[in-house]
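S.K.: quick one, what's the 3D model for this:
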Amino acid sequence: MALLPDLGTAALYALAAFLLVLGVLVVFVETVRLSRFLAVVVGSILAASGLALVGEAGVALVLLGVGGAFLANQVFEWLTIR
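M.R.: You can find the predicted model right below:
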């Protein structure tokens, strides 16, 4: 039995996780080192693909939301520095 069987609900949880993590990164963290950024994003993608393979697509979507927040933070930093 899947932890989040409804993908619509999982998408809302993923959006909430994205906004929460992005808010914490923007407000409390000035910069994320490239090595940590790559580790979080690659780890998020690997964990999400592993969870999707075993049938936990909803939780995988939430993990991708967290990884996407780190990616958005890096893009915002890159756009404001240059």
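
S.K.: elements contacting the helix ranked longest in the chain?
M.R.: The residue-count maximum for a helix in the chain (DSSP state H) belongs to helix 57-81. In terms of contacts (3 or more Cβ pairs under 8 Å, 6 or more residues apart in numbering; DSSP states H and E), helix 57-81 is packed against helix 7-28, helix 34-53. Heads up, the C-betas are built off the backbone N, CA and C, glycines and all.

S.K.: for that helix, the distance to its chain's centre please.
M.R.: Relative to the centre of its chain, helix 57-81 is centred 5 Å away, using Cα atoms, centre = their mean, to the nearest Å.

S.K.: stretch 16-26 now?
M.R.: The mean C-alpha position of stretch 16-26 is separated from the chain mean by 9 Å, Cα atoms, centre = their mean.

S.K.: Serialize the helices and strands packed on helix 57-81 to JSON lines and add fields for mean neighbour count and distance to residue 72.
M.R.: Shown next, in JSON lines, are the helices and strands packed on helix 57-81 (neighbours: other Cβ atoms under 10 Å; distance: least, Cβ to Cβ, whole Å):
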{"stretch": "helix 7-28", "mean neighbour count": "15", "distance to residue 72": "6"}
{"stretch": "helix 34-53", "mean neighbour count": "14", "distance to residue 72": "11"}
